[in-house]
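Visitor: Based on what follows, work out the 3D shape:
(2 chains)
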Amino acid sequence: MPEILVALIPALPFLAALLIGGGAVTGWLDGERCEKTTGRIALGAAAISFFLALALLYLRSTGQAPEQMELGTWLTSGAYRIALNFRADAPGLALSLVGSYFSLLVARFSVNYMHREPGYHRFFALLSLFGGAMNLLALGGNATLTFMGWEIAGLCSYLLIAYAYDRDTASRNATRVFVTNRLGDAGFVLGIVLSFVWLGGIDWPVILDHAAHLTPVQATVVAGCFLLAAAAKSAQGPFAPWIARALEGPTPSSAFSYGAVMVHAGVFLLLRLEPLFEQSPPAMALLAALGLFTALYGFLCGLVQTDVKSALMFSTLGQVGLMFLACGLGWWTLATWHMAAHAVLRGYQFLSAPSLMHQTLGRRTRPVAPALAGQRALYAAALQRFWLEPFLDWLLVRPVQNLSRDLEAFDERAVNRLVGLPSPAVRALSSLAQWEEQRLGALQRAQHVGSAPGLFGRSTQTAAALLHVFEERWILHGVSHGWIGPGRRLGHLLNRLEQRLAQPRYAFTLVIILLLAAT
Amino acid sequence: MTPPHPHHPEPAADPRARLRRAIEHLDHVLPGQAPILNFVHHNTLHGFQHLPFETALEEAEKVTGIHAFWPEETFRRHFAAGRIAADELEATLDARAELDPDEILAMAGDTPITRREVLRISLLHGLEALTPAQLIWRIEEEGALRHVHPGVTQEPRTGRTSSPLPELWAACLDLFGLGEFRLHPEELLDLSQTQAETLSLRSRDGAATGVNQAMREHALARVEKDAADIGQGLSLGEWLRRLTGRDTLATVRPLLIRLGAAHLDEGLAAWNPPERDRGLWASFRALAARDANWLLAELPGAHETLAALPEDPLDAILAALERLGIPDLRREGYLARIALEIPGWSGQFNWRHHQPRYAANREAPADLADWLALRLTVDGLWLSELCRKTWALDARLDTLAAYFRANPCEYLARAAYHAGELPEYLATFARRLLADTHLQRASLESWRGLADLIWTWQHSTETGRGAHDGAWRIFVLAQHLGLSAADVQALGSTQGGRLLEVLDELSPTQRGMIWLSAYENHYRDAVFAALRENRGRGRWATRAARPEAQVIFCMDDREEAIRRHLEEHNPRIETLGAAGFFGVAMNWRGLDDAEVTPLCPVVVAPAHEVREIPRPGAEQTRLIHDRRRSLSGALNRLFHQEIRRNLFTSHLLIDALAPLVAPLLGLRTFLPLALERIARRIGERFTPAVPTQLALTAADDGQPATPEAPRLGLTDHEQADRVAGFLRNTGLTDGFAPLVVLAGHGSISRNNPHLAAYDCAACSGRHGGPNARAFAAMANRPEIRELLAQRGISIPQDTWFLGSEHNTCDEEILWYDLADLPASHRPAHAKLVVELDHARRWSAHERCRRLASAPRRPGLKQALRHIVGRAADFSQARPELGHATNAFAVVGRRSVTQGAFFDRRVFLISYDPTQDPDGKIVEGILLNVGPVGAGINLEYYFSTVNNERFGCGSKTPHNVTGLFGVMEGASSDLRTGLPRQMAEIHEAMRLQLVVEQTEEVLGAIYRRQPAIQELVGNAWLHLSAIHPETGELSVFAPGTGFVPWHGKPHTLREVEKSPDWYAGHSEPLPPVLIRQPDLLLTRDTSSPPLEKGGRGDFSGDPTRQGLKIPPNPPLRKGGTGDVLYA
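Guide: Model (predicted):
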């Protein structure tokens, strides 16, 4: 019984998302007149889901429900079996409660706030989907289910940031956020694979119970993978810049995803993996360092922010950083409480952000201490967010982009030809100019056919034709596409090749290749 | 700035002085919006106000690229809905004499085709040229050759049978020699012999040169044209974006905004930039060397440029312009261009620059020159990076132009590709070539090849009149005109071409004007008909009988409903309207205020300060009040600022507060009203209210008070001046009721950055309550009454003035200084409170009809609950609808408008023409009301017609910035104007100002007042006169003068009460007459005698007067049963 109840917590919002999304696609839900229906579906699902989460809390606290609940098998393939199971431990319950509470509040808030927005139905479908995903993430009984929730939440956040996809900044930022988050996902997937291989299963109890049997190196590697995932999701350390780009969506979605719920998913993952991390002091140290760094980063950047949402966002980063720090120091309970408390409070602040200036009655934020105020270099760094993003661009993004462009050109110019793919049709296009050229040539041919009687005439004609070819090939075209250029171009080509090989990305690639060959 | 050599003022020769002047000049084109807490409605195109409306909108479109009319589809929708009649549209066409509507353009058989006919069809059905792709869509997907064009009503002309559409289409194609027309550009992959020959002939434009030559010439001409446009329609960055697809502005903007916002911030950030007090440029110079952005972005020359930043921003601008190679003459234009690329932020710098006394300027002086210098400098770095990378050139206009002159094929191809105009097969080619450029492999030859192909493609469709712009439009026109294929053939290419010319004859602005005028006239005629019908019905043309009470509201259109309902409920109450500062311009300092707030129209600088002080004996309460207030302020700060600002202490606070906040958030979301009430009760208990009064009266020291040396309080004479002036303005100089209430107004809602935009525009976007209170306090003083009597206004001693404030959002009414109300007036007041309570319920009821989420057909109680709940709900993006649908203003006695339903669309300004034969009073009123009304109306107009560009878009992604504005997301332009939620139901039309005065008097005022000439003569608002005696209406036509209005005979319905008319309707409603009660006011003898005596010394009890109070409004049929009458 409790397992059906716990399954319904994520299932209901998913169902609502399906209904609204399907309705919007088929045209059943369309325009302003259907806003009420959409709102009711989303609100109803969120409300039931929240009360079920409360019921689950009650059942757990009275001992009427086990921590791990199994509903059935999701899929099997040989020895590989993924169960459809759920886990209601303290961090899971906390995140699920907060998540479904905010689902409910934000849905209610958005009924008025999003009234008459184009994309009203899309918004509610995403909101429901997101609510379901957070609950699945929190309550999933094995790493794969959690990962599903993790991914769906990421997808929703992408679609919500790009809610006004007609605005360039919004869609560009959404893509950037999405791509950054995929790096963390790689860590998560690797973590799952390693758990399967080294721990013999991916159910959370298996991972947690068997963690003690891992060698320190193994434990550090597995923990490191999950830490990568958690850091990306919670915008820690080098991943911090993405979250500042996530503020393009409507206020309620910013509140839900970044203020209240999703940004805490990373912390949640750490909390759930407590026994695993306890096995690996290096991972703990890394965790603490990452947390401390992000906390200071968020704090300093937060001091210079001049718009409400960014200010709240950096403040959130600081607090989530403290949660990482607490985990790294082994203060797990504190981190759990802080996570839930912070979600609620920050969510409130985000939702009421539009009226900040009226609430503060025009009183300014307390200025920083004079000693800090005088630090110009530090101010420049904080204002430019410690150049984290341009730095990463310089270090990773641009070299990768250039590399991919070179590879594409290489594909087209060398590989395609080698494997015999047809060259693109454009080369065979005709333009007026070409046609005119031909026509002029044809005219000349027509002339010599008609006016060449006798041997003398013929020889003159042949000579003229030869001369014409010579002229045409060697002189007229020579300058641009005949025979004069190739030697020079070959030289250029070699020069460029050399330059290119000297560039860091190639040197880097070569090093990698050598390393791979060596291992 | 003073010129350095006062004896030889040669500003033209000094580039810095010229630059400074150019920057000052930008004030005309930049948005003039104040910081959002001081939001005051103003004409969005204020900088163009010296021009006639139509010209101004055209000019503005040239400069900003924003079309300032509704899209034609919107007008067509209104046409379909009957809001514009066909004859009204034709009348506006005919009014444009320059069009010669009767000219015969062509003959179809023996029936002529006139210009009027063609223009009408073009207005009603569009007939714009299509793109080739759209034409394919129309023909292949929408079956344009199978179905008649939608909206065709015209039967085939007499004597001719309609021909099948394909035949007609063929005839149209023939008209343009397009016999061998191909729909799909891909078919050009292989040119047939004939095709190529036709194309080649066409593409050479008849010249004898080769195709390639012609293409090169065309490309060169385009290079020249675009290069010449830099500094007018284009910035260098925008030009390069069109050629490379890389938007440098998108990269630069976040950086600029970070710096600019940090400078302008008014208290959000805890840490401010260094050297802030010396301006943005100084602050940037202090930071630039410490910024690693330039390094990481690998900007060429950044180090040198930043190391040599001049100290003066003007020098920096000059240097940057020099670096970009912008010629001398185009600099001014270039500055305007780049300023307008980020209009909101530029406008904010400009506003602060022009308001040196603005408080935030003390800490961070703002100068537009700083902002432009920063912009140009940073821009230049990225532009040069882009140019270096793409062409290995400097980012200089001259260098780039020279390069493109040498490589016109590349130019043509790039421009066509990045404009997105190429078909897929060419776009693929171009993309490949561009990728090659990056590897420096693309040669001259390949660019030439591509340019040739593009040229071929373009000339297959575009030379002369092609199928999509020529044949298609004639095809549709022929259907609307009912022409057959034979008719079209008979037209021949000359007449066909002529028809096309006429279709294009009207500029977008002219078309917009024609539509707008027709739309305005439709509504004007309805209103005028109502005014004409209502003549002689309205009460209070004279005050033969003493009103039971007089309530003076703000002129605000939102007060029309509550006034109407109050009068319907008790016809013995007179209501008046006036600019909501009630003639008392003052710096106000409330009990809890740290600083003064000017409460008066923005153009007035107050010379007096009025303070709210505790009443004698309230000192103890004040002490507690202050202590508690500072405590709750600290808590507030803790929650809204400290938790956000700090790191470790926030941790503790968050952990501690969360259990409290969680249920609170739930309540706030689900039960906002309950929470609001509880919070208010706790607040009142915790911070006791202090009984206060005003420190109003100052001793006369013989010095005049000025804005520079303001006086604390007003002298007796100053007070008498204000009271007398106001009473004369409103015409309230006799027939004073026992109770005269002044009702200021304001609006309070929960989660609304644009709060000030809902407040009183006559009080600089603040609440007008204190003005009402101050006026009442002055008018009640016996000394002032004495002075007034000397000036000919005798106020009976039993008349008592009361100040109050109406909250237009939740309809609450606050009363001031009730403690001073004489006991004798208390019953009258109690009765009035009940009646006002009734009126505000009906006002709420009426508002519900336009709110989508309000209950349809609500009961009174339900309606008020909805309205109050809305105001308390922090999720509500539309707490109230503001001035939406405002459309006209009436300056005159209440009798002109009273008795008709005007749907909350009218500003009502009380004025009695019988007391103002020479028009001196109305002159003052017009000077005051004209700009305020036009400001509100025009801001709404522009924010409605193009909300994305003139308004600030939807509220949902708004992000409050620096406590002075909103952005979308975290790095957008500062958004100015009204949010979509405020303007969405507005009907965009210019204000119709109707004045009850003779044409002669108004004409004379017009002739002597330049301000009126500007507004009225340039048609930013329409002026009409309603004759005080005859009631004849006449309309002022600029250039002509007053023209009598003869509307169609129009019999208006009469309804019992206004709810009978509006209930159940959510759309805008035309005026209607409301049954006037049969009141024989002259029989009223129960009014208190006007005899001398002490204050309040009278015996009449106003609640038991001799006359019957008319029955309560009837219960509506089908009501929900909870209709409550107070």
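Visitor: Tell me how many other residues surround residue 215.
Guide: Let's take chain A. Residue crowding around residue A:215 was assessed by other CB atoms under 10 Å in any protein chain shown; the count is 11. (Each C-beta comes from the backbone N, C-alpha and C, glycine too.)
Visitor: Chain B, not that one
Guide: Residues near residue B:215, counting by other CB under 10 Å, number 27.
Visitor: again with residue B:251
Guide: Residue B:251: 16 surrounding residues under other CB under 10 Å.
Visitor: so residue A:73 is in which element?
Guide: With elements delineated by DSSP states H and E, residue A:73 resides in strand A:68-77, which encompasses its position.
Visitor: Can I get the helix or strand following that strand as CSV, trimmed to CA atoms?
Guide: The C-terminal neighbour of strand A:68-77 among helices and strands, as given by DSSP H and E, is strand A:80-87. As requested, the backbone C-alpha atoms of strand A:80-87 are provided in CSV (Å, rounded to 0.1, in the frame of the first residue of the first chain):
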residue,chain,number,x,y,z
TYR,A,80,20.9,-6.5,-15.2
ARG,A,81,17.7,-5.6,-13.5
ILE,A,82,16.2,-2.3,-12.6
ALA,A,83,13.5,-2.3,-10.1
LEU,A,84,10.6,0.1,-9.8
ASN,A,85,11.3,1.0,-6.2
PHE,A,86,11.2,4.0,-4.0
ARG,A,87,13.1,5.2,-1.0
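Visitor: average pLDDT for the next helix-or-strand element following strand A:80-87?
Guide: Taking DSSP H and E as the definition, the helix or strand that follows strand A:80-87 towards the C-terminus is helix A:90-113. Across helix A:90-113, the average pLDDT comes to 95.
Visitor: Identify the residue spatially nearest to residue A:341, adjacent ones excluded.
Guide: Nearest non-adjacent residue to residue A:341, counting by CB to CB, 6 or more residues apart in numbering or on different chains: residue B:658, 3.3 Å away.
Visitor: what separates the helix or strand hosting residue A:12 from the chain centre, distance-wise?
Guide: Taking DSSP H and E as the criterion, residue A:12 maps to helix A:2-26. Centroid separation for helix A:2-26 versus its chain: 24 Å, with CA atoms, centre = their mean, to the nearest Å.
Visitor: hang on, the earlier thing: can you list the buried residues in the strand holding residue A:73?
Guide: A:68-69 (16 or more other CB atoms under 10 Å in any protein chain shown).
Visitor: just checking, next helix/strand downstream of whatever helix or strand residue B:380 lives in?
Guide: Following DSSP H and E, one finds residue B:380 within helix B:368-391. For helix B:368-391, the following helix or strand on the C-terminal side (DSSP H and E) is helix B:397-406.
Visitor: now for whichever helix or strand comes after that following helix, which elements pack on it?
Guide: As assigned by DSSP H and E, the chain's next helix or strand after helix B:397-406 is helix B:408-418. Counting contacts by 3 or more CB pairs under 8 Å, 6 or more residues apart in numbering or on different chains; DSSP states H and E, the secondary-structure elements packed against helix B:408-418 are helix B:211-229, helix B:236-244, helix B:424-438, helix B:444-461.
Visitor: Deepest in the core, which of these is it.
Guide: Using mean count of other CB atoms under 10 Å in any protein chain shown, the stretch among the helices and strands packed on helix B:408-418 with the largest mean neighbour count is helix B:444-461, at a mean of 23.
Visitor: Quick check: the residue lying closest to residue B:975 once chain neighbours are set aside vs residue B:257, distance?
Guide: Taking CB to CB, 6+ apart as the measure, residue B:975 lies nearest to residue B:952, with 3.4 Å between them; neighbours along the chain are not counted. Look at residue B:952 and residue B:257: by CB to CB, to the nearest Å, they are 16 Å apart.
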